[in-house]
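Novice: I'd like to go over a predicted model; first the sequence, then the structure.
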Amino acid sequence: AFYHGYLWVEIFFILSGFVLPQNFFKTGRASCLTGGVMRRYFRLMIPVLMILSIYLAFARFDCFGEQTLNKLKNKTFLNLLYAAILETWAGPSVSFIEVTWTLGIEFWATFLVYLIAFTGHAYRGRFFFYTALIFFFWTVEWLGFLNLIPWKTNRPFKQIPFFLIGTALADLENMTHRPLDKIRDLHWGWKIPLNALLAGAFLIWGSIQNEEPTGCINAYGPRCKVYTIASINGFLPYRFPLAAASISAILLALTSDVFQWILKTAPIQFLGQVSYTLYLVHILFVHWIQKDTYNYFAGEGVEADEAVTYVFLIYTPVLFVVSWALEIVVDRPAKEFAGEFDRQTRRNRPKPQPVLNAETGELEQQDPKEFYSCGSFSKRIWPMYFFIGWLLTLAIAIEVFNATHTYKPMRHNTHESSEQEKYASQTMTLP
């Protein structure tokens, strides 16, 4: 379960549905939703643009090996702009790196979450509404699995219920009498077996990685007996244990004191802080640096298991440091710009925060007219000018290098091809 990527994607989608409408459910202010809508694109897009530009820089400066990330080697600067600004958000896209398939889903699901939260919160019996929507999206998938209809839903529609589950849980947690408090207040004699059941569902069902009769310690060996039992000898569709494991993990996080203590520890908090940049940049390490280093060790006669261990120990700390640095210089400025843009373009602008007077040591209220002037706004978004400068410098450098350099030959990478073919097979649309 811990290295099952798709499971963690589903958990993240539930978390997104849980976190996005939180302020609205707490305050009831519509501005919590409109502000979220206005900020969302810039908050997600800017880190993608900047980090994909790093991929492009390494590719166009011929840093990759002959089999490494071949699909990036012929990309142009205009391809970068198109992929980061438009293509990624129009729908699931893997034209640069495979992990961006989640971002288009995340982007459009944001608007659905806000709409469902705003609509459902105004009605009684809204949890029937949430449940009906969740099963509306799942029904076609299940009917297709049972071969009662000749198709299944495409990948984006498979993910929507996870966002809605998160939205329903967020509403549940902000009610006057929170139903989950009954679980939190149980005697430890009841909580221990309940938490063990949730943890077991997460670990066992979350480890079932496909619908094929394979996969246990690795993806190629025979299926573990426990997986066969947990899926009722393959009767349960793959999406069911995946959904059950994801929901179990979220419920455990919401109701278990021990699990909440773990989530509040410094390492987990750090992972949450750098999660977006880590998600975007890790392919550069896994598909390039780590793979090339592994091939070097293998060529020197190092055993495969030892080579993998060395690569993990060498590059995992580096990956975390790079992700942390990108969080500071890219992700934070992106969030700050999204917030500034939202407040600057509102019809009813919030009052500026008081500032400390260096001479008197007292807080003074800022003049709204001066604060929201074009000049002041331009000063507050100064990191964007560095981003633009980096992109212009990169575009010029690529053209100069391309005109004076002979690139290494490319060799076919079967792993890269299989990933793209797998993605294509999972995005079949309804007729």
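Specialist: Noted; the coordinates are in hand.

Novice: for Val355, phi and psi?
Specialist: Recorded main-chain torsions at Val355 are phi -120, psi 150, according to degrees, to the nearest 10.

Novice: Can you report the mean pLDDT over the residues of stretch 26-36?
Specialist: The average pLDDT within stretch 26-36 is 91.

Novice: do stretch 126-138 as well
Specialist: 90.

Novice: hmm, who's touching it?
Specialist: Outside stretch 126-138, the residues that touch it by C-beta atoms under 8 Å, 6 or more residues apart in numbering are 116, 119-120, 123, 153, 157-158, 160-161, 164-165, 167-168, 171-172, 239. Where C-beta positions appear, they are placed from N, C-alpha and C, glycine not excepted.

Novice: Out of the residues you listed, show me where the pLDDT dips lowest.
Specialist: When these are compared on pLDDT, Thr153 comes out least confident, at 71.

Novice: Strands of the stretch 201-350 of the chain, start to end?
Specialist: Using DSSP state E, counting those that start in this stretch, the stretch 201-350 of the chain contains no strands.

Novice: shaky segments in it?
Specialist: Within the stretch 201-350 of the chain, the ranges that satisfy pLDDT under 70 run 208-224, 234.

Novice: at 80 instead, please
Specialist: Applying pLDDT under 80 to the stretch 201-350 of the chain flags residues 206-239.

Novice: Which residue ranges of it form helices?
Specialist: 225-230, 239-255, 257-263, 266-284, 290-299, 304-326, 332-345 (DSSP state H, counting those that start in this stretch).

Novice: buried ones in the longest one?
Specialist: Read it as helix 304-326. Within helix 304-326, the residues that count as buried by 16 or more other C-beta atoms under 10 Å are 307, 311, 315, 319-320, 322-324, 326.

Novice: Please identify which of these is nearest to Phe107.
Specialist: Nearest to Phe107 out of the buried residues of helix 304-326 is Leu326 (C-beta to C-beta; 20.0 Å).

Novice: State the distance from that closest one to Ala59.
Specialist: Separation of Leu326 from Ala59 (C-beta to C-beta, to the nearest Å): 18 Å.

Novice: Looking at the contacts of stretch 126-138, which two lie furthest apart in space?
Specialist: Of all pairs drawn from these, the widest gap by C-beta to C-beta lies between Tyr123 and Arg239 and measures 28.7 Å.

Novice: So between these two, which is more surrounded?
Specialist: Higher neighbour count among Tyr123 and Arg239: Arg239, with 18 against 9, using other C-beta atoms under 10 Å.

Novice: Can you tell me, leaving aside adjacent residues, what's nearest to that one?
Specialist: Among residues not flanking Arg239 along the chain, Glu141 sits closest, at 6.1 Å (C-beta to C-beta, 6 or more residues apart in numbering).
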